[in-house]
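S.K.: build the 3D model from these lines:
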Amino acid sequence: MGKVLAVCTSAVRGVQKEDRGAALFVANHGLDGDAHAGDWHRQVSLLSADEIAAFNARGADVAPGAFGENLVVDGIDFRTLPVGTLLRCGDVLLEVTQIGKACHHHCAIFHKMGDCIMPREGIFARVLEGGRIAAGDEMTIQPREAPLPLQAAVITLSDRCAAGERQDESGPAVATRLQEVGYTVIEQLVLPDGREGLAKELIRLCDQRQPDLILTTGGTGFSPRDLTPEATLDAAERLAPGIAEAMRAASLRITPRAMLTRAVSVVRGRTLIINLPGSPKACMECMDVFLDQLPHAHALLRGERMDCAR
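M.R.: Residues are numbered from 1 along each chain as shown. Sure thing, here's the model as predicted:
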């Protein structure tokens, strides 16, 4: 159980929020009057009071809202909560959607201290049920009555698609196929071929948004710019080679050129990452190989008790 210490808003993005003492939380929108409210997954930002206190002990001297957070709460270590956690505060029900946030433009706090806690300690949520939250209100973690629906992200690797010279057909086809079998596709990206950019996005997605599955399409061949497997291995914590091996074995029955694919399959955190080929047809053929096995894989990665011997 936690206790709300501050409720902060700002009408303009990019500036520190001010403690209002209370605010109205609107379902599927966020805090009434706050610049970060809207139809997206980061409607509400939260920070643990202990983290702010520890940062101030280093000489930061910051007030609630200085990091752009909406809620400061004592008694809950937000950084340990997984995506999908439900937080109840009176009538308001929040669902955690992201852990941490990349800092692209260092704020005044960072320039003063050489550090900022929001990128690694802050969390974000969306408002499932609306109501009013005021300082002094209690916040609790509410058990889920049903598991969080399976979530996925799709990344297309193509220099020409990223430059707008060619339409991406594979990414939308993969996303549609995932939606048809019950996944919520939380992000679709188109990136240039290469290593560093993809590795950065894979790490961000796995660590911050924590989807069950990421499928990449393209960049698995022998061309000098085909570095999708290397980027995927850069992000990997564990290997899951059987999926890529099964795709190659099945594809070899269709074309001998399947032996030239360098696709890999790996795990980071609770996220399974699988490389797919670049063509829509080949993507569908490869997805035929593994899709019906993924529910079991996701259950294991989520830590659900499974009797694998059966």
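S.K.: buried ones in stretch 211-226?
M.R.: Burial within stretch 211-226, assessed by neighbour count using 16 or more other CB atoms under 10 Å, is assigned to 211, 212, 213, 214, 215, 216, 217, 218, 219, 220, 221, 226. The way it works is simple: take the backbone N, C-alpha and C, and place the C-beta from them, glycine included.
S.K.: straight-line length of it, end to end?
M.R.: Length of stretch 211-226, first residue to last, CA to CA, to the nearest Å: 25 Å.
S.K.: quick one: average confidence on it?
M.R.: Averaging pLDDT along stretch 211-226 gives 98.
S.K.: for stretch 80-91, buried residues please.
M.R.: Neighbour-count burial for stretch 80-91 flags 81, 83, 85, 86, 87, 88, 89 (criterion: 16+ other CB under 10 Å).
S.K.: got it, and stretch 62-76?
M.R.: By neighbour count on 16+ other CB under 10 Å, the buried set for stretch 62-76 is 62, 64-74, 76.
S.K.: now swap in stretch 116-134 and tell me
M.R.: The neighbour-count check on stretch 116-134 (16+ other CB under 10 Å) flags 116-119, 121-127, 130, 133 as buried.
S.K.: over to stretch 186-193?
M.R.: Those would be 186, 187, 189, 190, 191, 193, for stretch 186-193 by 16+ other CB under 10 Å.
S.K.: confidence-wise, which helix or strand of this protein is lowest on average?
M.R.: Lowest by mean pLDDT, DSSP states H and E among the helices and strands of the chain is helix 108-113, with a mean of 56.
S.K.: that older thread, what's the most distant pair in the buried residues of stretch 211-226?
M.R.: 212 and 221 (27.0 Å; CB to CB).
S.K.: start and end of stretch 78-98, how far apart?
M.R.: So stretch 78-98: terminal residues 11 Å apart, CA to CA.
S.K.: ok, stretch 219-227 next?
M.R.: Chord length of stretch 219-227, first to last residue, is 6 Å (CA to CA).
S.K.: try stretch 249-269
M.R.: Stretch 249-269: ends 27 Å apart by CA to CA.
S.K.: next: stretch 86-94.
M.R.: Counting by CA to CA, you get 6 Å between the two ends of stretch 86-94.
S.K.: what residues does it touch?
M.R.: Contact with stretch 86-94 is made by 4, 25, 44, 46, 76, 95-96, 125-133, 137-144, as judged by CB atoms under 8 Å, 6 or more residues apart in numbering.
S.K.: okay, and which of those residues map to strands?
M.R.: Judged by DSSP state E, the contacts of stretch 86-94 include 4, 25, 44, 46, 95-96, 125-129, 131-133, 138-142 as members of strands.
S.K.: one step back: following the chain past the least confident helix or strand of the chain, name the next helix or strand.
M.R.: Sequence order places helix 118-121 as the next helix or strand after helix 108-113, per DSSP states H and E.
S.K.: now that next one: how far from the chain's centre is it?
M.R.: Centre-to-centre, helix 118-121 and its host chain are 14 Å apart (CA atoms, centre = their mean, to the nearest Å).
S.K.: one more: stretch 26-44?
M.R.: With CA atoms, centre = their mean as the basis, stretch 26-44 stands 18 Å off its chain's centre.
S.K.: pLDDT of that stretch, averaged?
M.R.: Averaging pLDDT along stretch 26-44 yields 96.
S.K.: just stretch 167-174 next, same as before
M.R.: So the average pLDDT for stretch 167-174 ends up being 98.
S.K.: and if you look at stretch 13-22?
M.R.: Averaging pLDDT along stretch 13-22 yields 90.
S.K.: re the thing from before, widest-spaced pair of the buried residues of stretch 80-91?
M.R.: The most widely separated members of the buried residues of stretch 80-91 are 83 and 89, with 18.5 Å between them, by CB to CB.
S.K.: for whichever strand or helix holds residue 248, buried residues please.
M.R.: Using DSSP H and E, residue 248 sits in helix 241-252. By neighbour count with 16+ other CB under 10 Å, helix 241-252 contains the buried residues 243, 244, 247, 248, 251.
S.K.: neighbours of residue 147, how many?
M.R.: Neighbour count for residue 147, taken as other CB atoms under 10 Å: 11.
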